[in-house]
Every structure is written in structure tokens, then in C-alpha cells.
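K.L.:
Compute the structure for the input listed below.
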Amino acid sequence: MELQKMANGHHELGPEKTNVEERFDDLENMAEVDQFLPHKTDGRREAQFTDFVGKTSFGMSIFNLSNAIIGSGILGLAYAMSNTGIILFLILLLFIAILSAYSIHLLLKSAGVVGIRAYEQLGFRAFGQAGKILAGCIITVHNIGAMSSYLFIVKIELPYVIAGLMGQDDKSSGEWFLNGNYLIIIVSLCFILPLALMRHLGYLGYTSGFSLSCMVFFLISVIYKKFVIECPLFNGNSNHTSMPAVYNLHNDTCKAEYVTLTPQAAYTIPILAFAFVCHPEVLPIYTELKNPTKKRMQNVANISIGAMFIMYLLTAVFGYLTFYDQVGEELLKSYSTTDTLMLCVRLAVLVAVTLTVPVVLFPIRRAIQQLLFPDKPFHWARHIIIALCLLFLVNLLVIFVPDIRDIFGVIGATSAPSLIFILPGIFYIRIVPEEQEPMKSRPKIMALMFTALGIIFMITSISFIVLEWMTGESKGVRGH
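P.N.:
Numbers count the residues shown, from 1 in each chain. Sure, this is the predicted structure:
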């Protein structure tokens, strides 16, 4: 009966639901069958989303997707460049950007066949409940990693900000309010948890644009600092912010490498993959797009990825050329805490990542509810308990994981290739009908090769990271 109403054009969300966030909430509570179109397509006519009419402009959609792409990964790019050299890094960055755009093409093509608006529902359409569970689990793991990376930045940078505001040269004086482990617990309870307990937030929680503005400010400051900071030689000390630099313009420390490979290069591709993941947000943004077509949304994706490619490249180049092989795993660690401009940058980045954590938490909670309580109505107790458990788990990870590079590496080597390479490829192969594209057709073969590339990339990255852990060469070689 419900499908018949949808087919007749009478399916409505209710006159009282005028807010975008409320409409998203209605859509999340629809029955599984309502996620699909009430009619079949022949593969030649692009399916249309019937949930509601999108009203987001082309420009705002670019803005939203750009905010979904950019994140904490930008802080690890200069370190990645120091381990590969400028030319090799540029090739790898361009390679990952192009593959990310292609994987979005596969997602949009799959969604266009069946009219599904969520990543998890594509998994359901392709492989039934098992596919939905797989996609939901991978998204959950990835978003937990993203939350951990954001809180790790709080753990690293907030003590330096407090010390700078108090006029101290470093954070090693021993006071409890300069202990990063205590600070992330305080920030989680006082700022993140209240926002995470809101009932309505929706996928598109980045619409204020504040996070992107902070990162633009960060990039401008990194470029500026390249021209005012002399080449540093830190005598092998890993804490750049607490020791005065000893300058030596003729030392090899200040020499840029164009192509090189260090033991830490195993983290480069995972960091790049982590930095470009936006795929769970693509279909919701597609649904909200005014006059949605595959070509129009692909243009949104291409422009967004292109803009982030330029921003990532500039950040990596100027960050690397400021500190060379002394650059920290997290770029802000390399700058002085007594510098007023960089203190403002730290504050901006901290506010941006803190406000982003609850936005990342919402899709995890939604996935958990769909997997464990698919037929249960909304309940405040369950809503709150899931948020508390997630924040508790993420705080434990941040407290006990010694290095943000490990978060970037592990998540970038597991969930990121799954979301970028493997799932879009297998969804495309399963969903696009053979009458339209036989298995031996060029698009299907390319999708199969794309999936195989993701599997190879995952196995290789994990193997190199584990090997690098076992050899113990990671930090002693370069002073990090």
C-alpha cells in the first residue's frame, strides 16, 4: 500500500516536516522497502529519488562536500611528503584524487539504477542484509577513527594553547590542566556530549562552513610561515615547540627531497586515502541537490575533490619546505607555542575539530541503531547510552594510542580503501544489470580491476605498517 501511494505521487513526509534535519530524521525511520523506487528502470533512464525534492544549490553542494572531504588528515600531509619526496607525493596525491572521483562515479551510477540515497542501503540492495551490515560496520569503524583523530588533535594542541595563553614556554610544567588526557575527557563531557545528545543534526552538519574557513586560515598561515621561519635544525629533539631552534642553513636537514623512501613511507598512501574519504556523505548530498542528475552531482564531486587536491598540495608543500625532514607527524606540532599567529591557528583548528566530532558521531549511532535495533522507535535512553559508549571508546583509543600517525595509518589502510575502492566497485558490479552492462563489458571490467586494486592496496599497506611496527625503526631514525 505504501509503495502504491509513492507510485501515485501521494507519499508525503507530513506538512509539519519542513526542516531539512527533520526530513532526514523521517527518512532514517522509513521502512527498509521505502528506500527503493516503486518502479523498475531499464538501465537507460536514470532513476530519480522520490524521498523529497532537493533544494540545495550547486554551489552549496560543493561547499558541503568539500567540508565532508577535508578533516584532520590535512595535518599529516607534510609528514607524508617528507617520507616520499615532493614529486612522488604529488603523483600519489593526484592518483588518489582521480581514483576518489572515479569511485564516486561508480556510486552515482549504482544509485542511479535503483534510486537509493544511502551507502548502507546500496549494500542492502547489492548483497541483502549482509551487505548492509558490512557497509554499516566499515562506516562505523572509519568514523570512530575520524573521531579519534579529531580528539587526538585536541590532546596534542590544547595543552600548547593553554600554555601559550598563560605565557609559558612549554606544557611540561606538570599541572593537570596541561595534561592532554585530562583535557580530552573535559572537552568530551562539556562540549561534545551535549551536542551529540541533540536528536536532530543530520548528515549535513557542516553547513555553517566554519570548519572549512578554519582550514583555509590554517593554509594561509602555513604559507606565510614558510617565508618568515628560517631553516631549522633541532639537534634531533622531537619536541619542536619547546626547544629553541639551532639554525644551520648549510646543513642537509634543510634540503628538500624530490624522490625518497623512508621506513615511514608505509603511512603515506593510507594518510592520503584517509584525507579523501567522503563517500558516506555523497548520496545524502546528491539527494538534497536541486535538479539532481548524475552528471550534475559528478561535477559537484569533481570540483570539490579538485579544490581539496589544491589545498592539500599547498599545505603539504609549504609545511614540508618550512621544516623539511624535521616536520612532525601532526604539522602544528612543528610550530612554536609562543607565536601569536600560530596560537590563533591552533585555536581555530581546535574549535573546528571539536564541533565536527558530534557530527561524525551521528552516522555511527544511526548505523548501530539500524543494525541492532532496526524496528525500534526512537528512545532517549538508547540515544544517550550509545553516545556515551562511543565517546568512552574513542577517549580510550586516544589516551592509549601513542601516535596520531597510527590512527591515520590504520584507518587509512583498512576502512578508507574499503569505502573508496572495494565497496563502490562491488556494488557497481552487483547492482548495474547485466542487460545494460554484461560482466565482460569495459565498465564492469574496470570496476572489477578497481576493486582488486583496493584489496591489493589494503593488504600491502597493512603489511608495511605492521612490518614498520615490528622493526621499531619508526621514530628513532628521524627524530620523530
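K.L.:
Closest to the centroid, which residue in this structure?
P.N.:
Nearest to the mean C-alpha position of the chain, by CA atoms, centre = their mean, lies residue 277 at 4.8 Å.
K.L.:
Surely residue 179 touches residue 159?
P.N.:
Yes - between residue 179 and residue 159 there is a contact at 7.1 Å, judged by CB atoms under 8 Å. In short, each C-beta sits where N, CA and C put it, glycine included.
K.L.:
quick one: which of those two has more around it?
P.N.:
Higher neighbour count among residue 179 and residue 159: residue 159, with 23 against 14, using other CB atoms under 10 Å.
K.L.:
Report all helices and strands that the helix or strand that contains the more buried one contacts.
P.N.:
For residue 159, the element it lies in under DSSP states H and E is helix 129-165. Under the contact criterion of 3 or more CB pairs under 8 Å, 6 or more residues apart in numbering; DSSP states H and E, helix 129-165 touches helix 119-127, helix 180-187, helix 279-288, helix 340-372, helix 380-400, helix 404-413, helix 415-417, helix 423-431.
K.L.:
So which of those is nearest residue 464?
P.N.:
Across these, residue 464 has its closest neighbour in helix 404-413 (8.5 Å, CB to CB).
K.L.:
What are the contacting residues of that closest one?
P.N.:
For helix 404-413, the external contacting residues (CB atoms under 8 Å, 6 or more residues apart in numbering) are 72-73, 75-76, 79, 141-142, 145-146, 148-149, 152-153, 156, 264, 266-267, 269-274, 329-330, 397, 401, 458, 461-462, 465.
K.L.:
Okay, buried residues for it please.
P.N.:
404, 405, 406, 407, 408, 409, 410, 411, 412, 413 (16 or more other CB atoms under 10 Å).
K.L.:
Please tell me how far the fourth one sits from residue 219.
P.N.:
Okay, so that is residue 407. 22 Å (CB to CB, to the nearest Å).
K.L.:
Contact partners for the nearest residue to residue 394 once chain neighbours are set aside?
P.N.:
Leaving aside its sequence neighbours, residue 394 sits nearest to residue 147 (CB to CB, 6 or more residues apart in numbering; 4.8 Å). Counting by CB under 8 Å, 6+ apart, residue 147 touches 357, 360, 361, 364, 390, 394.
K.L.:
Please repeat the previous calculation with a cut-off of 7 Å.
P.N.:
Applying CB atoms under 7 Å, 6 or more residues apart in numbering, we find residue 147 in contact with 357, 360, 361, 394.
K.L.:
so where is the chain shaky, pLDDT-wise?
P.N.:
Residues of the chain meeting the criterion pLDDT under 70: 1-54, 169-173, 200-209, 232-253, 472-480.
K.L.:
can you redo the helices and strands packed on helix 129-165 as TSV with distance to residue 322?
P.N.:
Output for the helices and strands packed on helix 129-165, formatted as TSV (distance: least, CB to CB, whole Å):
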stretch	distance to residue 322
helix 119-127	38
helix 180-187	24
helix 279-288	32
helix 340-372	11
helix 380-400	27
helix 404-413	19
helix 415-417	27
helix 423-431	36
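K.L.:
out of those helices, nearest to residue 60?
P.N.:
Of these, nearest to residue 60 by CB to CB is helix 279-288, at 9.0 Å.
K.L.:
What residues sit buried inside that closest one?
P.N.:
Buried residues in helix 279-288, defined by neighbour count with 16+ other CB under 10 Å: 279, 280, 281, 282, 283, 284, 285, 286, 287, 288.
K.L.:
Cross-check the contact I'm expecting between the third one and residue 67.
P.N.:
Read it as residue 281. No - using CB atoms under 7 Å, residue 281 is not in contact with residue 67; the gap is 9.0 Å.
K.L.:
For residue 368, which non-adjacent residue is closest in space?
P.N.:
Take residue 368 and drop its neighbours on the chain: the residue closest to it by CB to CB, 6+ apart is residue 386, 5.8 Å away.
K.L.:
Measure how buried the one you found is and give me the count.
P.N.:
By the criterion of other CB under 10 Å, residue 386 has 19 neighbours.
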